[in-house]
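here is a sequence with its predicted model. Questions after.
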Amino acid sequence: MAITMTPAAADRVRSFLVNRGKGVGLRLGLRTSGCSGMAYVLEFVDSLNDDDEVFDIDDVKIIIDAKSLIYLQGIELDFVKEGLNEGFQFNNPNAKGECGCGESFTV
């Protein structure tokens, strides 16, 4: 299964990287957190690790470490604006449930 990103998400990541002025791409990872157990983490990447998988989508590099990749196979990264709120949305086919606040999920 591939990692995908909507055009809105790709545009947003590209603008972040341009404004930052450096970086290889954006890391999508996981950490233990929240009510349901796992939370998504996004961070800039300046250098790759040996266990990183790189997905080049619309000229944007999404980097995922090997441990996180098994939980993120098939994920779609989106960027949505709803009223005054905006942010990244994760459409993960592996997620079995989310906590009420939407901050964490289970697989």
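In hand now; what should we look at?

next one: phi and psi at the residue most central in space within the chain?
Most central in the chain under CA atoms, centre = their mean is residue 28, positioned 3.8 Å from the mean C-alpha point. Here the main-chain torsion angles of residue 28 (degrees, to the nearest 10) amount to phi -110, psi 120.

what of residue 62?
Note on residue 62: backbone dihedrals following degrees, to the nearest 10 are phi -100, psi 120.

which helix or strand contains the nearest residue in space to it that is not next to it in sequence?
Here the nearest residue to residue 62 in space, its sequence neighbours aside, is residue 55; by CB to CB, 6 or more residues apart in numbering that works out to 4.6 Å. Just so you know, the C-beta spots here come from the backbone N, C-alpha and C atoms, and that holds for glycine as well. Assessed by DSSP states H and E, residue 55 sits inside strand 52-57.

got a pLDDT number for residue 83?
The per-residue pLDDT reported for residue 83 equals 88.

switch to numbering from 49
Okay, residue one is now 49; in that scheme the one you just asked about reads as residue 131.

tell me the contacts of it?
Counting by CB atoms under 8 Å, 6 or more residues apart in numbering, residue 131 makes contact with nothing.

the one 3 residues further on too?
For residue 134, the residues meeting the contact criterion (CB under 8 Å, 6+ apart) are 127-128.

separation between it and residue 65?
When CB to CB, to the nearest Å is the yardstick, residue 134 and residue 65 sit 18 Å from each other.

same thing with residue 129?
20 Å.

quick check: mean pLDDT across the top helix by length along the chain?
With secondary structure taken from DSSP state H, the chain has its longest helix at helix 55-68. Rounded to a whole number, the mean pLDDT of helix 55-68 is 95.

pull the residues that contact that helix.
With CB under 8 Å, 6+ apart as the contact definition, helix 55-68 has outside contacts at 53, 71, 73-74, 92, 105-108, 110, 125-128, 136.

which elements pack onto the host helix or strand of residue 109?
Assessed by DSSP H and E, residue 109 sits inside strand 108-113. Secondary structure elements in contact with strand 108-113, counted by 3 or more CB pairs under 8 Å, 6 or more residues apart in numbering; DSSP states H and E, are helix 55-68, strand 73-81, strand 100-105.
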